[in-house]
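Participant: model this:
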Amino acid sequence: MNDLQPPFERLRPLGEGATGEVCLARATASIGSLAAGREFALKELHERLVGDPGARAAFAREAQAGSSVDDEGLVRVYATGESDGRPWIALQFVPGIDLRRVLDERGALPEPHLRRAAQRLASALAALHAAGWVHGDLKPENLRMDDEGRVVLIDLGFARRPGDKETKHLRAGSPAYLSPEQDAGDEGDQRSEVHTLGQVLYELAVGRHPFADEHGKVDAELARRRKRGDQALASHHYPGLSPFLDLLLAEMLDVDPAHRPSAAQVAERFADRETSSWWRSQLAGRRRTRLGGGRRHLIPLVGRRQELEALTETWARVAESGRAEVVHLIGPSGSGKSRLVSELAEVARRSERPPMVLYGRAHEEEERRPCEPILGWLRRALLLPTGAPPGPREEMELRMLVPPAETIALLEALDPTSESRTPAAVPVALAAWLGALSRERPLLLFFDDLGWADEGSLEVLARAAQALEGSPSLLLLGERSGQRSRRPAARARLNEALSSLRMRRLELAPLDERAVEELVVEMFHHSTPRLRLAQVLWERSRGNPGLLNEILRGLVRRGEARQHPDESGLVLTIAPDSLPLPKSVGTAIQEAFRQLAPADQRWLARMAVAGGRIRADFLLQAWPHKDPRRLDESLARLSYSGWLTPAGDRFRFARPAQREAVLGGIPEERRRALHADVARALAPGDDGRLSLDDAFQRAYHLRAAKRPAELLELLRPLLMRALERGQPQRVHSLTKWGLEAIDSLPHDAEHQRQLIGLLEAATDAADRLGRRQEQREFLDRLTDLDFDPLNDPQSAARVYHLHARYALSIGQYGAARGMLRNAAELFERAEEPELLGRVLRRLAAIQAHVGQLDEARKLVRKARELAQSPLDLAMAELTLGVVELLGDELENALRRGDRALRLLRTVDDFAAQAARAQAHVLRARVYRCVGRPRRGLASAQRALRAARTAGERRLEAEAGARLGGQLLEVDRSAEAEERLRESLRLATEIEDQRGQAVASLFLGILLAEDGDSEAAAMLQRACDRALALGLNRLEAVGLSIEARMLMARGELERGIACSERAMDLLERHGAEWMDRSVIVGTRAVLLEASGDEDEAEELVLRLERRLRKLNDGLVSPLLRRRQRLLSRRLLEAVLSHEGPVYPRVELIGD
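Facilitator: Down below sits the predicted model:
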C-alpha cells in the first residue's frame, strides 16, 4: 500500500529496535482487515535504513512471515505499505509488559500460568514452522503479556526461512538463547527454535537461565555448558514443579535435535497435560519418591533434632529388618509434623533402597470422596494428577499388583467421571493395593490429621496393617493434640489392627528458647540484635513452629525484615519488642490475610470455599463477572507471597492451616453466598450431565449454602447413583444432609414421601457400615411416621422389612420373624411380588436357622417363584441350598451353590459380590460334610474375599468364622486362632450376635485344645448367645464340647447333664451329620464312662445306621467314598477319650 497520505495517525511512541520504530497509531480508514478508528502498533523502518537493501528485505520478511500465519499466540499483521518511501507494517497492538520485566519484578511464573503461556507460544511457533518460517529471536523480551494475562509472541524482525541462501549469513538470534548446534556455527532450524523455547520456558518456570552458572549468572561459559547439555532438572531449583513439566522441558533441551519434540508436539502436550499419550508412555517404569512434590521452607528446621533422629533410627531399623513399624506424631496445629516427615523423606531417599514416599491428609470438611487421602496415595504412586482419569498405563500397572476385581474398583474410584458399578469395595481394593505395593518396594506412608479421617480411610489402614507387617514400610500417623476421632469405632478397629506392629509415639513439644536462637542466628544478619530478637520471637510464638513461621512471614511481607544488600541474612528494620503478639497460628494467618489487598482477600476467600478447585477456569465459572486479568494477577501475587502453591494445572493452599484460618474468618452470611456460587458453578451443563463426584460436591455446597430445596432436588437422582455404585459411606452422608434439609422446611406430602426414601437409604447404609446406634435412630424416626397399613400397605411393609433387617443383623431372630411375617402380609396386599419374594426368602433363612426345615423349604420355594431377577433367583437358590444342607441333602445343596454362581455371572451389580460370598460359604460347608477339606478351605477363603470385596461386614464376620473353623479342622491352629479372633472382634463391633456365637464356639474349642484358661468362658459365651438367639444346633455342639471338658476334669455328672441337654436340642431341631456325630458320640462316651454301656452302644448303632443311609443316598461314587471314609474316621475320633477336644480328621488327598 503506497500512500501519499497514509491511512493512519500516529498517537504516541512505543519503542524502537535495531531496524525500526514503533508507535501507537489509529486507522483513519480501513487498513486491510483493520477497520477505521481502530488502534494498532505501527512499525516503520528507520529512516537511516531506507536505502539499505538488506534492511528492506528483512522488513519485508517480517511482514511476509506475519501475514502468512494466523494464530492467537502470534502478533497479527493487518497490512503493510510504504509512505514517503518508508516501509511500514500495521501490527496488532498488545498492551501489557514483556516477560523479562515480569521476571525482574515478580520472579518465576506460577506453573498453571506458565503452562497456559507455553501452550500459546508453542502453538504460535508451530504455525510459523508449518508455514516454513522460524521466528529467529525468541527471548523473554519478545514475549508480551496482555491485560488479560495472555502471552503473545512479538517482533518478527529476524524471521527467516531455514535453508534460504539469502538469509544464511544473518545473525541466528540472541546469544543467550541459541541452540547447541547454533553455538557450533550451524544455521539452525525449527528444532533449534524448540530448544530456544525450552530455555525460555525453563527461565520463566524457575527464574534463572537453564545454563547459568552456579550463582544463576549468564556468563561466557554459558554456550559451553549448553553444548554439553549441562543443566539440572527445573525442579532442582523449584521443587514444587510437576514431573510433567520437568520431563517436557528436559526433552526440549536435549542436545540432539532429533530427540526434541516439534513445536506442534509441545503445544499438544501442554494442551493435553498429564492425560496426553506422550506423558503416559513416559511414565512406564518411572517412580517418584518426592514427598508431595517438595516445597521450599522459609525457616530452617530447628529444635527437632531428637525427633528427626528418632524417626531416622526407626526408618533404618525398618529398612534393615524388613518389618513394618508405626509412629504416631502428636502435636498441636503448627507443631511441624509435615515438616518433620518431609525432612525424614529427604534422609530416606538417600538410603540404599529409597522408599516410595506417599503423603495424604484428612480434611475437616465432609465434601471429600470416601478414602480420598488413600486415593491420593494411589494417584501419587501412579503419577496420576488430580482430576485426570486413569488410562491403559495405570490399568496395566494395577493389574500387575492386584486381582481384576480390585483393579477395576480402583480405576473406577480414580475416574471422577465414572458411573460404572465397582465389582469390589474401594477400601478393600486399596488395602490389597497397599499390601501388594509393600511387597514390591519400601514404603514411607504419612497420613496427617488422622482425627478427621473418614471411615473408609481408617478401614483401609486397618485392613492393610497385616499385609504391611512383613514389609519394609513405615506408617506415620499425624494427629492434633487432644483431637477426638470423627469415627471412634473405626479408629478403635485401626488401633487394634496396628497393635501387632512395633509402635512409637512422638509428642512434638514447643521449641525451647535455644532452638529459636539457633533459627535467628541462621536467618538474620549479625547486625540484627539477634539475642533479643530470639527471646521476643520465643515469647510471641510460645515455641510453636507454625506461629513462629507466620510471625516471620509477616515481617518479610511488611518489609520489616529485608535481605541485607551485600551479605547473606535478613536485617530487622524495627525494634524486636515491636513484634506482634498473635494468639494462635490461626489468628496470625488471619492477621496476614487482613494485610492483603482487598481484591486478593476477596479472591482468597472464594478459593478457600472452592477447596480443591482452584483453577482459573472454574473460579471464573463460579464468579463469571470478575475480570480474568485481575484473577490471574491475584493468583500470581498469592502464589509469590506464599498463600498458594502450584499443583500442576491448578493451585492449592500452601499450608492446610491457611485455608482453615481463611474459612474461619469469613462471616457466616458471606460464606453461605460463596458456597451458593460454587454450587451454581457445579450445576449440570446443557446436556444435563454431572459426574458423581461433581454432584456430591454440589450437594455439599448446597448444604453449606443453606439451600435445602435445591439440595433435596439434587438428592433424588444422586442417591440412586451412589446406591448403584455401592458407596454406603456417601449414601450415609447424603441422607444425613437430606434429613437436615427436610427438617428445615415446612412439611408437606412431597417432603413426607422423600423423608421415607431418605430414612430407608440411611437405615440401609448404617446397616452395611455396621453403625447400629444410627441404624436404631433412623428406624425410630421411620416408626414415628405411623403409616396406616390399610391405606398405605407398601410403606408400612417397608418399615417392617427394615426393622426385620436390623433384628437379623444383631441376631434377634424371634423379633425378625414376626416383623417379616407382617411385611410379607402387607407386601402381598400391596401387590409387590418382588419385595414379597425377598421377605419370604429372609423368613425362610430364619426358619432354617432355628430348625424349622419344612416350613423354610415351603417359604423359599415360593420366594423362588416370585423372583424377578437373576440376583433374586440366585439368592433363593442359596437359601434353599442351606435348607438342604441342614437336611443332609448334600449333593442337592452343592448343586444349589453351583447354580447360584452361574446365575451371578450374568449380574453386573455390586450386590452380586455378597451373593457370591454366600455361595462360597455354602460350598465350603458342603465340602466339609463330604470329606473334601481342601476344597472346603478354598471355598471358605473365596467366601471371605468376596465378602470383603462387597464391603458386607456382617457377612465378612461369618465368612471369617467359617474359615477359622475350616483351618481348625485341618490342624492349622495358629492361622485359625488369628482368623477367629479377627471375626469375633468384627462381629462384636457391629453387634452381630450370630457371628459372635459362631466365632466364640470355634475359638473356645481351639483354646480348650491348648489348655488355655480362657476356653471355658469362651464356650460358655458361645452357648449363652446361641440360647438367646435360638441357634439350637450351635448350642448343642457347644454343650457337647463343654461336656467333654467337664469329663476330662473329673466332673462327670455335670458333663452328663450338659450332654443330655445337647441331645434334647438335637432331637427337637436336628443338625448337620458331622455335628450330629459329635453330639451323639459325646453322649455315648459319657454314658459309657458312667457305666451305662448298653445305652451308649445303642446310641452308636443308631448313629451308624443313619450315617449309612446318608451315604447310600449319595449318587456320586467319589462323594460316597469320601463321605464314608470321613464318617468312619470322625466316629472313631469322637468315641475316643484321647486326642483333641473337638474330634478332627486329616485326609490325605482331596
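
Participant: all contacts plus neighbour counts: C-alpha atoms, from now on.
Facilitator: OK.

Participant: show me where the stretch 251-400 of the chain has helices.
Facilitator: 263-272, 277-283, 305-321, 337-349, 372-382, 392-399 (DSSP state H, counting those that start in this stretch).

Participant: Compare these and say which comes out lowest on pLDDT.
Facilitator: Set side by side, those give their lowest mean pLDDT on helix 277-283, at a mean of 75.

Participant: how distant is that one from the center of its chain?
Facilitator: 22 Å (CA atoms, centre = their mean, to the nearest Å).

Participant: Low-confidence ranges, the stretch 901-1050 of the chain, go.
Facilitator: Residues of the stretch 901-1050 of the chain that meet the criterion pLDDT under 70 lie in 908-910.

Participant: Over to the chain?
Facilitator: For the chain, the ranges with pLDDT under 70 are 1-5, 167-172, 239-240, 283-298, 366-368, 419-424, 648, 726, 908-910, 1138-1150.

Participant: center of it - which residue?
Facilitator: Nearest residue to the geometric centre of the chain (CA atoms, centre = their mean): residue 375, 1.9 Å.

Participant: from memory it sits against residue 414, does it?
Facilitator: Yes - using CA atoms under 8 Å, residue 375 makes contact with residue 414 at a distance of 7.2 Å.

Participant: Overlap of the contact sets of the two?
Facilitator: With contacts taken as CA atoms under 8 Å, 6 or more residues apart in numbering, residue 375 and residue 414 have no neighbour in common.

Participant: Could you list the domains of the chain?
Facilitator: Residue ranges for the domains of the chain, per automatic domain parsing: 305-409+431-441+450-507, 525-589, 596-666, 1031-1150.

Participant: want to throw the ones you listed into TSV with distance to residue 794?
Facilitator: Output for the domains of the chain, formatted as TSV (distance: least, CA to CA, whole Å):
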stretch	distance to residue 794
domain 305-409+431-441+450-507	33
domain 525-589	54
domain 596-666	43
domain 1031-1150	31
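
Participant: Now do stretch 412-431: distance to the chain's middle.
Facilitator: For stretch 412-431, the distance to the chain centre is 10 Å (CA atoms, centre = their mean).

Participant: Put the alpha carbons of it into PDB.
Facilitator: Provided in PDB are the C-alpha atoms of stretch 412-431 (Å, rounded to 0.1, in the frame of the first residue of the first chain):
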ATOM      1  CA  GLU A 412     -13.400 -46.500  38.800                       C
ATOM      2  CA  ALA A 413     -12.500 -44.800  42.100                       C
ATOM      3  CA  LEU A 414      -9.800 -42.800  40.400                       C
ATOM      4  CA  ASP A 415     -12.000 -41.700  37.500                       C
ATOM      5  CA  PRO A 416     -14.000 -38.600  38.600                       C
ATOM      6  CA  THR A 417     -16.500 -39.100  35.700                       C
ATOM      7  CA  SER A 418     -17.100 -42.800  36.100                       C
ATOM      8  CA  GLU A 419     -20.600 -44.100  36.600                       C
ATOM      9  CA  SER A 420     -19.800 -47.800  36.500                       C
ATOM     10  CA  ARG A 421     -20.600 -50.100  39.300                       C
ATOM     11  CA  THR A 422     -17.400 -51.200  41.000                       C
ATOM     12  CA  PRO A 423     -17.000 -55.000  41.400                       C
ATOM     13  CA  ALA A 424     -15.200 -54.600  44.700                       C
ATOM     14  CA  ALA A 425     -15.400 -52.300  47.800                       C
ATOM     15  CA  VAL A 426     -12.900 -49.500  47.400                       C
ATOM     16  CA  PRO A 427     -11.400 -49.800  50.900                       C
ATOM     17  CA  VAL A 428     -10.800 -53.500  50.300                       C
ATOM     18  CA  ALA A 429      -9.200 -52.800  46.900                       C
ATOM     19  CA  LEU A 430      -7.000 -50.000  48.300                       C
ATOM     20  CA  ALA A 431      -5.800 -52.300  51.200                       C
END
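
Participant: which other residues reach that stretch?
Facilitator: Applying CA under 8 Å, 6+ apart, the set of residues contacting stretch 412-431 is 371, 374-375, 379, 387-390, 402, 405-410, 456-457, 459-461, 463-464, 691-694, 721, 724-726, 908-910, 913, 948-951.

Participant: Over to stretch 198-216?
Facilitator: In contact with stretch 198-216 (CA under 8 Å, 6+ apart) are residues 103, 107-111, 114, 118, 138-140, 177, 217-219, 221-223, 225-226, 230-232, 234, 237-238, 249-250, 252-253.

Participant: Quick one: buried ones out of the residues you listed?
Facilitator: Among the contacts of stretch 198-216, those scoring as buried are 103, 107-111, 114, 118, 138-140, 177, 218, 222-223, 225-226, 231, 234, 238, 249-250, 252-253 (criterion: 16 or more other CA atoms under 10 Å).

Participant: I'd like the list of the residues you listed that fall within helices, please.
Facilitator: 103, 111, 114, 118, 222-223, 225-226, 234, 249-250, 252 (DSSP state H).

Participant: what's the closest of those residues to residue 707?
Facilitator: residue 111 (36.0 Å; CA to CA).

Participant: if we can go back for a sec, ok, which of the domains of the chain comes nearest residue 756?
Facilitator: Of those, nearest to residue 756 by CA to CA is domain 305-409+431-441+450-507, at 23.9 Å.

Participant: helix/strand/coil for residue 144?
Facilitator: strand (DSSP: H, G, I helix; E, B strand; the rest coil).

Participant: in the sheet, who's paired with it?
Facilitator: residue 98, residue 152 (DSSP bridges).

Participant: And for it, the neighbour number?
Facilitator: 24 (other CA atoms under 10 Å).

Participant: same question, residue 897
Facilitator: For residue 897, using other CA under 10 Å, the count is 27.

Participant: which ones are touching it?
Facilitator: Contacts of residue 897 by CA under 8 Å, 6+ apart are 877-878, 881, 919-920, 922-923.

Participant: Distance check, it against residue 108.
Facilitator: To residue 108, residue 897 is 66 Å away according to CA to CA, to the nearest Å.

Participant: Residue 470 too?
Facilitator: Distance, residue 470 to residue 108, using CA to CA: 45 Å.

Participant: can you check residue 835 too?
Facilitator: In this view, residue 835 and residue 108 are 64 Å apart by CA to CA.

Participant: Please apply the same query to residue 930.
Facilitator: According to CA to CA, residue 930 and residue 108 sit 74 Å apart.

Participant: repeat for residue 750
Facilitator: Taking CA to CA, one finds residue 750 at 57 Å from residue 108.

Participant: List the contacts of residue 27.
Facilitator: 7-9, 34-40.

Participant: Which one (most neighbours) among those residues?
Facilitator: Busiest of the contacts of residue 27 [other CA under 10 Å] is residue 40, holding 23 neighbours.

Participant: That residue should be in a strand, yeah?
Facilitator: Yes - residue state for residue 40 (three-state DSSP) corresponds to a strand.

Participant: So it sits against residue 30, correct?
Facilitator: No - in this structure, residue 40 is not within contact of residue 30 by CA under 8 Å, at 11.8 Å.

Participant: Quick check: the two most widely separated of the ones in helices among the buried ones among the contacts of stretch 198-216?
Facilitator: 111 and 223 (27.0 Å).

Participant: quick one on the thing from earlier: possible to save the contacts of residue 27 as TSV with distance to residue 1033?
Facilitator: Formatted as TSV, these follow (distance: CA to CA, whole Å):
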residue	distance to residue 1033
7	105
8	104
9	104
34	95
35	96
36	99
37	98
38	95
39	95
40	95
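
Participant: returning to what we had before: what would the helices of the stretch 251-400 of the chain look like in a markdown table with distance to residue 431?
Facilitator: Listed next are the helices of the stretch 251-400 of the chain as a markdown table, based on distance: least, CA to CA, whole Å:
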| stretch | distance to residue 431 |
| --- | --- |
| helix 263-272 | 31 |
| helix 277-283 | 23 |
| helix 305-321 | 20 |
| helix 337-349 | 23 |
| helix 372-382 | 9 |
| helix 392-399 | 13 |
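
Participant: quick one: which of those is nearest residue 1055?
Facilitator: With CA to CA, the closest approach to residue 1055 among the helices of the stretch 251-400 of the chain belongs to helix 305-321: 50.3 Å.
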